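Asks: with the input below, show me the fold.
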Amino acid sequence: MKTLLSAGLCGVLFALGLGLGGMTQPEKVLAFLDVAGRWDPSLALVMLGAVGVHAVFLLRIRRRPAPVLAPRFAAPSQSKVDLSLVAGAALFGVGWGLVGYCPGPAFTSLATGGRDVLLFVGSMLAGMLLFGFWTRARASG
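Replies: This next block holds a predicted model:
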């Protein structure tokens, strides 16, 4: 129960940070990505702030023998860069660049009930389901 409550609290804090930082406004994100036009660097400051806070806490957390709410620290199971990783990153970047949403801010923006964000999240979830079906089909031969 503590883990679920902690995850929910972190999700709310993340959503508030996205909203306050302007990451839920596609126009602001697209202006940040428009380096050849009317570039808005304010999101770079949001990202730098997030990286700074993460770095400070990561240094403190690494000194601990184990996490507070889990038996051990989780690490990625794969460390190599492969075609699947590069293709996924490219799709993520293209999607972000076309509409100004990435998954976290899109889910946060669902609270607005806007048609564009509903369409984006629905499309994203459909793509995730299709990828899951495709991965399972490839694995079963």
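
Asks: for stretch 18-30, measure first residue to last.
Replies: 15 Å (Cα to Cα, to the nearest Å).

Asks: chain center to stretch 105-115: distance?
Replies: Offset of stretch 105-115 from its chain centre (Cα atoms, centre = their mean, to the nearest Å): 14 Å.

Asks: export it as CSV, just CAs?
Replies: Output of stretch 105-115 as CSV, limited to C-alpha atoms (Å, rounded to 0.1, in the frame of the first residue of the first chain):
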residue,chain,number,x,y,z
PRO,A,105,2.4,15.7,-20.6
ALA,A,106,-0.2,14.1,-22.8
PHE,A,107,-1.6,12.0,-19.9
THR,A,108,-1.5,15.1,-17.7
SER,A,109,-3.3,17.1,-20.4
LEU,A,110,-6.1,14.5,-20.5
ALA,A,111,-7.7,16.5,-17.6
THR,A,112,-8.5,19.2,-20.1
GLY,A,113,-10.7,16.9,-22.2
GLY,A,114,-9.3,18.5,-25.4
ARG,A,115,-10.0,16.6,-28.6
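
Asks: buried residues, that stretch. List them.
Replies: Pro105, Ala106, Phe107, Thr108, Ser109 (16 or more other Cβ atoms under 10 Å). Using the backbone N, CA and C atoms, a C-beta is placed for each residue, glycine as well.

Asks: stretch 54-68 too?
Replies: In stretch 54-68, counting by 16+ other Cβ under 10 Å, buried: nothing.

Asks: ok, stretch 36-47 next?
Replies: Asp40, Leu43, Val46.

Asks: next step: these restricted to helices.
Replies: Counting by DSSP state H, the buried residues of stretch 36-47 place Leu43, Val46 in helices.

Asks: before we move on, back to that, closest to Ala70 out of the buried residues of stretch 105-115?
Replies: Phe107 (23.3 Å; Cβ to Cβ).
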